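In: Here you go, sequence then predicted model.
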Amino acid sequence: MNNRIALLRKTLSLTMEEFGKRVGVTRSAISNIENGKRNLTDQMILSICREFNVNENWIKTGQGEMFTPEPENEFDVFAKNFNLNDFERNFLEKYLKLSKQEREAVTIFIESLTNNTMGAFLGMIPKTPEELESQYPPVSDSTHKAI
């Protein structure tokens, strides 16, 4: 992994100091990583991937391309920024492409599901202390000790 950091840095034409500054560490930290005296932390890997658009799999294993492909459109950028999976990305893209009327219908449908679910849940909650005790009688000391 350490030699891939050196290769990445040289590919980007950055000094150790410039590279380190961009990921929040010192020049000596980058030197220690490249020389194998220090290992990359998961946080450092994430910082490098985010800052330089690097393929995490490439850093960890050497497999695949060094850089991740640039997003093709606004939805790809949005999905990347919010770490959406494919389903979430596709759902939002299709939802936003609906007409205003169709989006309102979907919103009403989702709100009705939420209200029905919450209504059913709230209906199960006892309304008085007496109702609570009748549904869930207190445990007596003798029953408690037997358990």
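Out: Yep, it's here.
In: CA atoms for contacts and neighbours, from now on please.
Out: OK.
In: And what about the residue nearest to the spatial centre of the chain, helix, strand or coil?
Out: Closest residue to the average C-alpha location of the chain: residue 83 at 5.0 Å, with CA atoms, centre = their mean. Of the three states, residue 83 takes coil under DSSP: H, G, I helix; E, B strand; the rest coil.
In: how far away is it from residue 41?
Out: Separation of residue 83 from residue 41 (CA to CA, to the nearest Å): 21 Å.
In: And for residue 10?
Out: 20 Å.
In: These two - which one has more neighbours?
Out: Between residue 10 and residue 41, residue 10 has the larger neighbour count (other CA atoms under 10 Å), namely 13 against 9.
In: So which residues of the chain form strands?
Out: With DSSP state E as the criterion, the chain has no strands.
In: Let me see the domain layout of it.
Out: Following automatic domain parsing, one finds the domains of the chain at 2-61, 74-123.
In: and those as a markdown table, adding mean pLDDT?
Out: Below are the domains of the chain laid out as a markdown table (pLDDT from 0 to 100):
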| stretch | mean pLDDT |
| --- | --- |
| domain 2-61 | 91 |
| domain 74-123 | 83 |
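In: so which of these is the most packed in?
Out: Across these, averaging neighbours per residue (mean count of other CA atoms under 10 Å) puts domain 2-61 on top, at a mean of 16.
In: top helix in the protein by residue count?
Out: Criterion DSSP state H: the longest helix present in the chain is helix 100-123.
In: Can you tell me what sits against it?
Out: When contacts are defined by CA atoms under 8 Å, 6 or more residues apart in numbering, helix 100-123 is touched by residues 95, 96.
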